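1. Fold the following, please.
(2 chains)
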Amino acid sequence: MHDDQDDLTPGQRDALRALPAETRPPAHLEERVVAALRASGRLATASSDRGSGGRRRGTAEAWLRRAAAAIVLVLAGAAMGRLTAPPAIGSPTGAAATSDYLLLLYGGESATPAEEADRVAEYGAWAGRQAEANRLVSAEKLQAAAIVLGPSPGAGAVSSEPSGFFVIRAESVDAAVAIARDCPHLRHGGTVVVRPIDVTR
Amino acid sequence: MAALHPPDRDLTQRFLARRDEDAFRQLYRRHTPRMYALALRLLAGSAAEAEDAIQDAWLRAAEALERFEWRSSLPTWLCGIAINCARERLRSPHLRLVTTDRAVEAQIESRPSASARSAAAAPRRSEADRIDLERAIAALPDGYREVLVLHDVEGMTHGEIGVMLGVAPGTSKSQLHHARRALRAALGGTRSEANHAR
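-> Residues are numbered from 1 along each chain as shown, chains lettered A, B, ... in the order given. You can find the predicted model right below:
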């Protein structure tokens, strides 16, 4: 019966049933839901107990935002006149054809105040090197995200919510992944996810 | 199964009687991980959409809780609401899910295993396989993904799925057949691509 060929293997079926049944939601969602309930009149006015699931946001996100802002400044300074306007398929120098790749950053250890300046500089220096090689397209904070290097987002220490991104240029997915493996974020307990960017929109 | 303390019924009663925020937060923390996992998987891994769905779900649950008759467990009831909210978002004209071309997605799926096994901070092989599976599920067309998640991941019967999706059990079965076929094709691509060492 053709069903057997199209159906899943026992291993695949077991793997589906074994997928994690729970995923820790982002910390800010609790406050968002509580605020929505309060606005709809379904909660008593704010209690005195904000609880441990309240406004605390990872300081990793805060310093990464500052790092991202610094990277944008580095990019603007280092790449003025170097990066052309959004290229057609192929690199500006007419050498090997390239495509754009997105590097999504997740998690990452919080930096102490003493480490923060160094951490920002480290990320900025890395971004600067990519910019020097005409490989950095942009660096910004992200809203949403997909080749996972590091612990899986949402499982364990790495947040399921992305905290930033780099956009790089490379000749292939493998080349993009090789660049991503060198990203300092991996050395600070974070995860980097690589995704090709659709240029045909 | 260990009894939860305080029991869901007590927290629910406190919440309904006094609109107690602490009681609500306990219920939220206890049940949202399950609801969120479900919504996230149905919404193809989009955290933004899943968050919206979970907010909708809790608002709806808070409104309907007075009428809940405890014929099922509270988590089962809450998950049903979360599933409905996720499905409504899938059908929303304002959906901002990012979907990728199947060819691109297949190419992506061919890479995680190779790169994940060799990267210094790589997940174990089983973790890489799990990631492949989640991404393959996320890449399915919405209708296939719904049925596959509800049946093969959540363990619902075709009868239950039929009631939930408003279709005949036979339709659910047929959709599942197509969904598994598509999933198997995506996973089969991963294995064969990963065999080509670069």
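2. Just give the number of residues close to residue B:26.
-> Per other CB atoms under 10 Å in any protein chain shown, the neighbour tally for residue B:26 reads 20. Using the backbone N, CA and C atoms, a C-beta is placed for each residue, glycine as well.
3. What number of residues are in the vicinity of the closest residue to it other than its chain neighbours?
-> In space, and not counting its chain neighbours, residue B:26 is closest to residue B:11: 5.4 Å by CB to CB, 6 or more residues apart in numbering or on different chains. Taking other CB under 10 Å as the neighbour definition, residue B:11 ends up with a count of 22.
4. ditto for residue B:83
-> 23.
5. so it makes contact with residue B:147?
-> No. Using CB atoms under 8 Å, residue B:83 makes no contact with residue B:147, being 11.9 Å away.
6. thinking again about what came up before, look at the residue nearest to residue B:26 and give its secondary structure.
-> For residue B:11, the assignment made with DSSP: H, G, I helix; E, B strand; the rest coil gives helix.
7. Which of the helices or strands spans residue A:123?
-> helix A:113-132 (DSSP states H and E).
8. in that helix, what's buried?
-> Residues A:116, A:119-120, A:122-124, A:126-128, A:130-131 are the ones in helix A:113-132 that count as buried (16 or more other CB atoms under 10 Å in any protein chain shown).
9. Ok, stretch A:156-171 next?
-> If you call a residue buried by 16+ other CB under 10 Å, then stretch A:156-171 has these buried ones: A:158-170.
10. In PDB, list the C-alpha atoms belonging to it.
-> Presented in PDB, the C-alpha positions along stretch A:156-171 are these (Å, rounded to 0.1, in the frame of the first residue of the first chain):
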ATOM      1  CA  GLY A 156      17.700  26.100  28.800                       C
ATOM      2  CA  ALA A 157      19.800  29.200  29.200                       C
ATOM      3  CA  VAL A 158      19.400  30.800  25.800                       C
ATOM      4  CA  SER A 159      16.300  32.900  25.400                       C
ATOM      5  CA  SER A 160      13.900  32.000  22.600                       C
ATOM      6  CA  GLU A 161      13.700  35.700  21.800                       C
ATOM      7  CA  PRO A 162      16.400  37.100  19.500                       C
ATOM      8  CA  SER A 163      18.300  40.000  20.900                       C
ATOM      9  CA  GLY A 164      20.100  41.300  17.700                       C
ATOM     10  CA  PHE A 165      21.500  40.500  14.300                       C
ATOM     11  CA  PHE A 166      24.300  41.000  11.800                       C
ATOM     12  CA  VAL A 167      23.800  40.900   8.100                       C
ATOM     13  CA  ILE A 168      26.800  39.600   6.200                       C
ATOM     14  CA  ARG A 169      27.700  38.900   2.600                       C
ATOM     15  CA  ALA A 170      29.100  35.500   1.500                       C
ATOM     16  CA  GLU A 171      29.600  33.300  -1.500                       C
END
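11. where does residue A:105 land in three-state SS?
-> strand.
12. Following element in sequence after the lowest-mean-pLDDT helix or strand in chain A, please.
-> The weakest-scoring helix or strand in chain A, judged by mean pLDDT, DSSP states H and E, is helix A:2-6 (a mean of 47). Going down the chain from helix A:2-6, the next helix or strand is helix A:10-17, by DSSP H and E.
13. quick one: buried residues of whichever helix or strand comes after that following helix?
-> Sequence-wise, the next helix or strand downstream of helix A:10-17 (DSSP H and E) is helix A:27-39. Within helix A:27-39, the residues scored as buried using 16+ other CB under 10 Å are A:27-34, A:36-38.
14. State the pair within these that is farthest apart.
-> Comparing every pair within those by CB to CB identifies A:27 and A:38 as the most remote, at 18.1 Å.
15. what's downstream of the lowest-mean-pLDDT helix or strand in chain B, the next helix or strand?
-> Lowest mean confidence among the helices and strands of chain B (mean pLDDT, DSSP H and E): helix B:102-118, at a mean of 37. Following helix B:102-118 in sequence order, the next helix or strand is helix B:125-139 (DSSP H and E).
16. related to what we said a few turns ago, wait, which of the buried residues of helix A:27-39 is closest to residue B:5?
-> Of all the buried residues of helix A:27-39, residue B:5 sits closest to residue A:30, with 20.2 Å by CB to CB.
17. any idea how far chain B is from the closest one?
-> Noted for residue A:30: a distance of 6 Å to chain B, by CB to the nearest CB, to the nearest Å.
18. That residue contacts residue B:25, doesn't it?
-> Yes. The pair residue A:30 / residue B:25 is scored as a contact, 6.9 Å apart, by CB under 8 Å.
19. any chance you could map the helices in chain B?
-> With DSSP state H as the criterion, chain B has helices at B:8-18, B:21-42, B:47-64, B:74-90, B:102-118, B:125-139, B:142-148, B:158-165, B:169-194.
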